[in-house]
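**Student:** 3D model of this:
(one chain, ligands or ions: 1)
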Amino acid sequence: MSRLRLPGALRLEEVIGTGGFGRVFRGTWRGQVVAVKAARGDAGPAGVSSLRREARLYARLRHPNVVALRAVCLEPPHLCLVMEFAAGGPLSRALAGRRVPPAVLLDWARQVARGMRYLPSGCSEPPNCP
Ligand SMILES: Nc1ncnc2c1ncn2[C@@H]1O[C@H](COP(=O)(O)OP(=O)(O)OP(=O)(O)O)[C@@H](O)[C@H]1O
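**Tutor:** Residues are numbered from 1 along each chain as shown. All right, here's what the predicted structure looks like:
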């Protein structure tokens, strides 16, 4: 992510989730499928500075097991984070929906652990550290 304004058209296609921050959409930006976390309409100035802080921190993270931030829009009322789209859906749904072979579970657990191990040091270590 290189800038704090959102250049180019962002198209929102469908709501794919809701979190503490607001609604999450699947959309397209610069020809790529993205996930867009849109802040609630009542975010206000405190919401803008909180989003700015989150985006600055998030933009420094680079790891294959951490969803990447692509861009951020800080212009009310369109406050949003534009992120890499995790096409497989929530892990909770994958685990609930079918019987997953142990080897696959182990691989998923390793990937989660690698991402979690990276996060506390993510802002000080070089990109793509294992
Ligand atoms: N990058 C993504 N790619 C695909 N789906 C996503 C992505 N981010 C979020 N989602 C979907 O949106 C849902 C809500 O995500 P969100 O991160 O807002 O929830 P949260 O865990 O409550 O986080 P927060 O409290 O930071 O808002 C997720 O469960 C998931 O289904």
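
**Student:** residues near Leu57, how many?
**Tutor:** Leu57 sits with 12 neighbouring residues when counted by other Cβ atoms under 10 Å. For every residue, glycine as well, the C-beta is placed using N, CA and C.

**Student:** tell me which parts of this protein are close to the ligand?
**Tutor:** Contact residues of the chain with respect to the ligand, defined by Cβ under 6 Å from any ligand atom, are listed as 16-21, 24, 35, 37, 67, 83-86, 90.

**Student:** are any of those buried, and which?
**Tutor:** Taking 16 or more other Cβ atoms under 10 Å as the criterion, what is buried in the residues of the chain next to the ligand is Ile16, Phe21, Val24, Ala35, Lys37, Met83, Phe85.

**Student:** with pLDDT added, can I get these in JSON lines?
**Tutor:** Conversion of these to JSON lines gives the following (pLDDT from 0 to 100):
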{"residue": "Ile16", "pLDDT": "94"}
{"residue": "Phe21", "pLDDT": "79"}
{"residue": "Val24", "pLDDT": "93"}
{"residue": "Ala35", "pLDDT": "96"}
{"residue": "Lys37", "pLDDT": "92"}
{"residue": "Met83", "pLDDT": "95"}
{"residue": "Phe85", "pLDDT": "97"}
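
**Student:** adding distance to Leu95 and secondary structure, write those out as CSV.
**Tutor:** Shown next, in CSV, are those (distance: Cβ to Cβ, whole Å; DSSP: H, G, I helix; E, B strand; the rest coil):
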residue, distance to Leu95, secondary structure
Ile16, 18, strand
Phe21, 23, coil
Val24, 20, strand
Ala35, 20, strand
Lys37, 23, strand
Met83, 22, strand
Phe85, 20, coil
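
**Student:** which residue packs closest to Phe21, ignoring adjacent ones?
**Tutor:** Lys37 (5.4 Å; Cβ to Cβ, 6 or more residues apart in numbering).

**Student:** I figured that neighbour was touching Met83, is that so?
**Tutor:** Yes. Under the criterion of Cβ atoms under 8 Å, Lys37 makes contact with Met83 at 6.7 Å.
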